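[1] Attaching a predicted model along with its sequence, questions to come.
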Amino acid sequence: MNKEKPELATCLPICDLCFCWVCDEPAKTCKQWQAHCLCNGSVEWTAARQKAQRLKKASAEAALPGESAADISARFTAATTQDEARIPLSQAEETARMEREQRAEDEENEALFADYEPLHYKHGQAHPDPVVETTSLSFAELPTISYTLKLPEHILQPRSDSNRHGGTLSRLQLETVS
């Protein structure tokens, strides 16, 4: 192709043999011939041609057997309008849609975390905030604690006026350090 920029006046008139390089169809059917007639094969026009080819391929793949371009356009318009104006889906399309929705719902409901409670250490107070662990980690059992903490007894007792430091460490914290 000629890489020089053509003039609109010389390229706009078409005959039966003229072909749109961008749309890859006869120039008479090109809806954007006024712009496409200026095509000179540059990088920008090559990108425009590739985009047009991808759109054409996607449109052909979306078409149902025996469906015309007008039918495709009507189906697309109906799909983009409100739900009550939609064309009903085929049984296979409806089944596939319901399966996708069910998988998404199952993934949302899947428990990713489980509440954590110390298993081997029963002394001390409950932890003030909820503590969780991944569900998969909750199946792994911690080894038995063999170390005896040497802490003042009042730390293990609940906090009170006479026991200022009581409940300072929770069972979870005590299990972590033991």
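    Everything's here; your move. Numbering: from 1, shown residues only.
[2] From Thr168, how far out is the residue most central in space within the chain?
    A centroid search over the chain (CA atoms, centre = their mean) returns Ala104, at 10.8 Å, as the residue closest to the centre. Shown here: Ala104 relative to Thr168, a distance of 45 Å by CB to CB, to the nearest Å. Yep, even glycine has a C-beta here, placed from its N, CA and C like the rest.
[3] can you check Pro143 too?
    Taking CB to CB as the measure, Pro143 falls 26 Å from Thr168.
[4] So between those two, which is more surrounded?
    When neighbours are counted by other CB atoms under 10 Å, Thr168 comes out ahead of the other of Pro143 and Thr168, with 17 against 6.
[5] Got the confidence number for the residue nearest to the centre of the chain?
    Ala104 carries a pLDDT value of 73.
[6] Also Glu25?
    What the model reports for Glu25 is a pLDDT of 88.
[7] same thing with Glu108?
    With respect to pLDDT, Glu108 has a value of 63.
[8] Can you tell me the SS state at Arg97?
    When states are read from DSSP: H, G, I helix; E, B strand; the rest coil, the local structure at Arg97 comes out as helix.
[9] What degree of burial does it show, as a neighbour count?
    The criterion is other CB under 10 Å. On that basis, Arg97 has 11 neighbouring residues.
[10] mind checking which helix or strand Glu94 is in?
    Using DSSP states H and E, Glu94 sits in helix 91-109.
[11] How far away from the center of its chain is that helix?
    With CA atoms, centre = their mean, to the nearest Å as the basis, the distance from the averaged C-alpha position of helix 91-109 to the chain average is 15 Å.
[12] export it as PDB, just CAs?
    C-alpha atoms of helix 91-109 as PDB (Å, rounded to 0.1, in the frame of the first residue of the first chain):
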ATOM      1  CA  GLN A  91     -32.100 -24.600  28.000                       C
ATOM      2  CA  ALA A  92     -28.400 -25.200  27.700                       C
ATOM      3  CA  GLU A  93     -27.600 -21.500  28.300                       C
ATOM      4  CA  GLU A  94     -29.900 -21.300  31.300                       C
ATOM      5  CA  THR A  95     -28.300 -24.500  32.800                       C
ATOM      6  CA  ALA A  96     -24.800 -23.100  32.300                       C
ATOM      7  CA  ARG A  97     -25.800 -19.800  33.800                       C
ATOM      8  CA  MET A  98     -27.300 -21.500  36.900                       C
ATOM      9  CA  GLU A  99     -24.100 -23.700  37.300                       C
ATOM     10  CA  ARG A 100     -21.900 -20.600  37.200                       C
ATOM     11  CA  GLU A 101     -24.100 -18.800  39.800                       C
ATOM     12  CA  GLN A 102     -24.100 -22.000  42.000                       C
ATOM     13  CA  ARG A 103     -20.300 -22.300  41.800                       C
ATOM     14  CA  ALA A 104     -19.900 -18.600  42.800                       C
ATOM     15  CA  GLU A 105     -22.300 -19.000  45.700                       C
ATOM     16  CA  ASP A 106     -20.500 -22.100  46.900                       C
ATOM     17  CA  GLU A 107     -17.200 -20.300  46.800                       C
ATOM     18  CA  GLU A 108     -18.600 -17.400  48.800                       C
ATOM     19  CA  ASN A 109     -20.100 -19.700  51.500                       C
END
